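Asker: here is the input, now give the coordinates:
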Amino acid sequence: MKTILYVEDDPLIVHIYGTALKHAGFQVEVAEDGVLAAQMLFKSRPDLVVLDLMIPKLTGKDVIKYIRSTPALKTLPVVILSSASIADLGVEAAALGVESVLYKSQCTPAILLSVVNSLLSDTLDPSAQLPPA
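Answerer: Modelled structure (predicted):
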């Protein structure tokens, strides 16, 4: 089973997307702030990180910089899922080396699962579906 580190401080958002990821067969570890995320990167050894940019203690950008500057984590896939209103977020994210950027206002659990599945294509059971609404 692949592990996803989900870095998000809003419990409702964690519940919505975390439930979908768990239902699809992933183990989901949650970090509510950037410091905890940095600590959990080595503890849980995730296969992918879903990261909000607006989190307490360390920003999401700080977490990405930490990941990309740490040799053991450098190739870890990172998906930004944020409501941050940075004008050139896509450009900035590309410069930081993230694999995908999703905006909360336009994202659904199905979209996130599609992105995660494409990045970890050997992970999902083809029969896995979203939980009933």
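Asker: tally of neighbours for the closest residue to residue 64 other than its chain neighbours?
Answerer: Leaving out its chain neighbours, the residue that sits closest to residue 64 by C-beta to C-beta, 6 or more residues apart in numbering is residue 96, at 4.7 Å. For the C-beta atoms, the positions are set from N, CA and C on the backbone; glycine is no exception. Neighbouring residues of residue 96 were enumerated by other C-beta atoms under 10 Å; the total is 17.
Asker: was I right about residue 60 contacting residue 31?
Answerer: No: judged on C-beta atoms under 8 Å, residue 60 makes no contact with residue 31 at a distance of 10.9 Å.
Asker: alpha carbons of stretch 61-72, as PDB, please.
Answerer: Backbone C-alpha positions of stretch 61-72 (Å, rounded to 0.1, in the frame of the first residue of the first chain) are rendered in PDB as follows:
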ATOM      1  CA  LYS A  61       6.800  26.600  -0.200                       C
ATOM      2  CA  ASP A  62       9.200  26.100   2.700                       C
ATOM      3  CA  VAL A  63       8.200  22.400   2.900                       C
ATOM      4  CA  ILE A  64       8.800  22.000  -0.900                       C
ATOM      5  CA  LYS A  65      12.200  23.700  -0.700                       C
ATOM      6  CA  TYR A  66      13.000  21.300   2.200                       C
ATOM      7  CA  ILE A  67      12.000  18.300   0.100                       C
ATOM      8  CA  ARG A  68      13.900  19.400  -3.000                       C
ATOM      9  CA  SER A  69      17.000  20.200  -1.000                       C
ATOM     10  CA  THR A  70      17.100  16.900   0.900                       C
ATOM     11  CA  PRO A  71      18.800  14.200  -1.200                       C
ATOM     12  CA  ALA A  72      16.700  11.300   0.200                       C
END
